[in-house]
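Visitor: Take this sequence and fold it.
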Amino acid sequence: MNKLSPDEAKRLILLILEQGTTEFSAHCLHESMPKRSATTVDVVNALKAGEIIREPEWSEEHQNWKYRVEGADTEGDDLKVNTVIIESDLCLFIVTVF
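Guide: Predicted coordinates for the structure are as follows:
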């Protein structure tokens, strides 16, 4: 899996949101989203309007790059989203939010 620049990752995230699929980890759905009172709409809002400021992190365990999008939920509160981009499947896998 290739490491994308923040700009490349953001463009691909927007493309996947329009044409691909978005999946959520069990941890995200059952722990981090309820903890933040975040909905899937909040997560998508943060992904669309947010920015990737940090370099991606390599997960040795899962052999993939995680990208952190820093944005806001629908109420304007800060929301950070850690996601994995699966280019071959045109899929975003949402790992966690905080």
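
Visitor: In the sheet, which residues pair with the residue nearest in space to the middle of the chain? Tell me.
Guide: Per Cα atoms, centre = their mean, the C-alpha nearest to the average position across the chain is that of residue 83, at 3.2 Å. The partner list for residue 83 in beta bridges (DSSP bridges) reads residue 67, residue 94.

Visitor: Run through the helices of this structure in chain order.
Guide: 6-19, 26-27, 33-36, 40-49 (DSSP state H).

Visitor: right, and these - which one's nearest residue 56?
Guide: Closest to residue 56 of the helices of the chain is helix 6-19 (Cβ to Cβ; 7.0 Å). Bear in mind the C-beta positions are built from the backbone N, C-alpha and C, glycine included.

Visitor: from the chain's centre, how far out does the lowest-mean-pLDDT helix or strand in the chain sit?
Guide: Least confident element among the helices and strands of the chain, by mean pLDDT, DSSP states H and E: strand 57-59 (a mean of 95). On the basis of Cα atoms, centre = their mean, to the nearest Å, strand 57-59 sits 14 Å off its chain's mean C-alpha point.

Visitor: With stretch 50-63 instead?
Guide: 10 Å.

Visitor: What of stretch 68-76?
Guide: The chain centroid and the centroid of stretch 68-76 are separated by 11 Å, computed with Cα atoms, centre = their mean.

Visitor: May I have it as CSV, with CA atoms only?
Guide: The C-alpha trace of stretch 68-76 is given here as CSV (Å, rounded to 0.1, in the frame of the first residue of the first chain):
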residue,chain,number,x,y,z
ARG,A,68,-6.1,11.6,10.6
VAL,A,69,-8.6,14.1,9.3
GLU,A,70,-9.1,17.0,11.6
GLY,A,71,-12.5,18.6,11.1
ALA,A,72,-15.8,19.4,12.9
ASP,A,73,-19.0,17.6,13.5
THR,A,74,-22.4,19.1,12.3
GLU,A,75,-22.6,21.3,15.4
GLY,A,76,-19.1,22.8,14.8
